[in-house]
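In: give me a 3D structure for the following:
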Amino acid sequence: MSALLIFKALHVAFMVSWFAGIFYLPRLFVYHSENPHGEAAELFKVMERRLLYFVTPFAVLTAVFGFIVMFMYGGAWIAASHWLHLKLVLVALLYLYHGYCFKLLADFKANRNIRSSKFYRMFNELPVLILFAVVILAVAKPV
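Out: Coordinates of the predicted model:
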């Protein structure tokens, strides 16, 4: 087995692990926004913080192994792979989404949440849509 395949596998494995958390965290925000006070709210604060800090290294390692794979393919491949350019834009949006989760976490921690559970339900769908687009781009390479 080649090093390239190992790095690709690690990239995908860390991406799947990252997404498990990115899919679940906004669901916790939904429940927290519906239970803003009391013992449940305090439990949600702990769960949200632990989850976000647990999956953040997976986000970092996803990027690290993704860049290693791109480096191994080389600059000419990167320049010619237009699907990759679009994928990288979508991935950048996912990292912005991840960063925004830290802001939301801080708002909940300080009891400053102003958003409804409906907002968090819609917020929860964004990474799903981006993931579908990224997977289609990476597998089908349509552009």
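In: tell me which stretches of this protein form helices.
Out: 3-34, 38-73, 75-80, 82-109, 117-140 (DSSP state H).
In: turn these into CSV, including mean neighbour count.
Out: (Glycine included, C-beta is placed from N, CA and C.) Listed next are these as CSV, based on neighbours: other CB atoms under 10 Å:
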stretch, mean neighbour count
helix 3-34, 17
helix 38-73, 16
helix 75-80, 10
helix 82-109, 15
helix 117-140, 15
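In: and the contacts of stretch 72-89?
Out: Outside stretch 72-89, the residues that touch it by CB atoms under 8 Å, 6 or more residues apart in numbering are 3-4, 7, 70, 134, 137-138, 140-143.
In: which one of those is nearest H98?
Out: Ranked by distance to H98 (CB to CB), the contacts of stretch 72-89 are led by V134 at 14.0 Å.
In: thought the closest one was touching V91?
Out: Yes: counting by CB atoms under 8 Å, V91 is a contact partner of V134 at 6.6 Å.
In: can you tell me, leaving aside adjacent residues, what's nearest to P36?
Out: Ranked by CB to CB, 6 or more residues apart in numbering and with sequence neighbours excluded, the top spatial neighbour of P36 is N113, at 6.7 Å.
In: how near is the one you found to F119?
Out: Between N113 and F119 the computed distance is 10 Å (CB to CB, to the nearest Å).
In: need the overlap of contacts for the two.
Out: Common contacts of N113 and F119 (CB under 8 Å, 6+ apart): S33.
In: okay, the helices of the chain in a markdown table with mean pLDDT next?
Out: Shown next, in a markdown table, are the helices of the chain (pLDDT from 0 to 100):
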| stretch | mean pLDDT |
| --- | --- |
| helix 3-34 | 97 |
| helix 38-73 | 98 |
| helix 75-80 | 96 |
| helix 82-109 | 98 |
| helix 117-140 | 97 |
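In: how about R112, nearest residue that isn't a chain neighbour?
Out: With sequence-adjacent residues excluded and distances taken as CB to CB, 6+ apart, R112 is closest to A106, at 7.9 Å.
In: and that neighbour, how far is that from H82?
Out: The gap separating A106 from H82 is 38 Å, by CB to CB.
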